[in-house]
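K.L.:
What follows is a predicted protein model with its sequence.
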Amino acid sequence: MVKLKAESPEDLAVFSSYLQDAALKVEDFAYLPNQKRFAMVCNRFMWEHNGERHFRIRAGLHFDNVNATNVRNIPLKAKTQVLELLTVHAVEQEGRTLISLAFAGGGDIRLEAEYIEGFLEDIGQPWETKNLPTHAD
């Protein structure tokens with residue numbers, strides 16, 4: 001079971017490795033401006049179980065101290081559309097931190113944060129899946 005905190009770009013690289021190929025619906029993420037929080041839940045592929053059997057687990061991810069978000073190439077009105085998370089990373093730019101969540105198909109969520117303060121935690125029990133994630137070349 002994963003329970004991690006990120007405070008640096010290097011920590012986000014660890015998050016990214018755990019979240020690669022996580023599946024979520026558009027309705028599974030939200031920006032809460034009054035709390036300065038971006039939150040999402042997803043079905044995380046458990047890459048750490050690299051045997052013959054494959055598993056997914058529900059996971060929660062949130063970032064605090066978020067001042068703004070920018071969603072690109074994700075149809076926000078298509079609430080049940082499934083997204084596949086590819087990477088999570090951050091860059092420092094002009095005295096602010098930009099955290100990017102990149103999705104298959106070119107979708108992207110960018111968070112403008114005061115600094116990196118992220119939390120990733122598995123929720124519940126894993127379930128077996130026969131579907132191993134694949135990527136188009």
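P.N.:
Happy to help now that I have it.
K.L.:
residues contacting residue 108?
P.N.:
71, 72, 73, 74, 100, 101, 102 (C-beta atoms under 8 Å, 6 or more residues apart in numbering). For the C-beta atoms, the positions are set from N, CA and C on the backbone; glycine is no exception.
K.L.:
wait, I meant residue 90
P.N.:
9, 12, 97, 98, 99, 100, 116.
K.L.:
List buried members of the residues you listed by neighbour count.
P.N.:
12, 97, 99, 116 (16 or more other C-beta atoms under 10 Å).
K.L.:
So which of these sit within strands?
P.N.:
Among those, DSSP state E puts 97, 99 in strands.
K.L.:
need the strands for this structure, in chain order.
P.N.:
Assigned by DSSP E, the strands in the chain fall at 3-6, 22-25, 29-32, 37-45, 54-64, 66-72, 82-93, 96-103, 108-113, 118-129.
K.L.:
list the helices and strands the fifth one packs on?
P.N.:
Spelled out, that is strand 54-64. The helices and strands touching strand 54-64, judged by 3 or more C-beta pairs under 8 Å, 6 or more residues apart in numbering; DSSP states H and E, are helix 9-19, strand 37-45, strand 108-113, strand 118-129.
K.L.:
Deepest-packed of these, please.
P.N.:
Neighbour counts (mean count of other C-beta atoms under 10 Å) averaged over each of the helices and strands packed on strand 54-64 peak at strand 37-45, with a mean of 21.
K.L.:
what inclination does that one have with respect to strand 82-93?
P.N.:
130 degrees (axes from the mean of the first three to the mean of the last three C-alpha atoms, to 10 degrees).
K.L.:
For strand 37-45, list the C-alpha coordinates in CSV.
P.N.:
Extracted C-alpha coordinates of strand 37-45, given in CSV (Å, rounded to 0.1, in the frame of the first residue of the first chain):
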residue,chain,number,x,y,z
ARG,A,37,-6.4,22.2,-3.4
PHE,A,38,-6.4,20.1,-6.5
ALA,A,39,-7.7,16.5,-5.8
MET,A,40,-8.3,13.4,-7.8
VAL,A,41,-9.0,9.7,-7.4
CYS,A,42,-7.9,7.1,-9.9
ASN,A,43,-7.5,3.4,-10.5
ARG,A,44,-3.7,3.0,-10.2
PHE,A,45,-2.0,0.1,-12.1
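K.L.:
Nice, that's everything, thank you.
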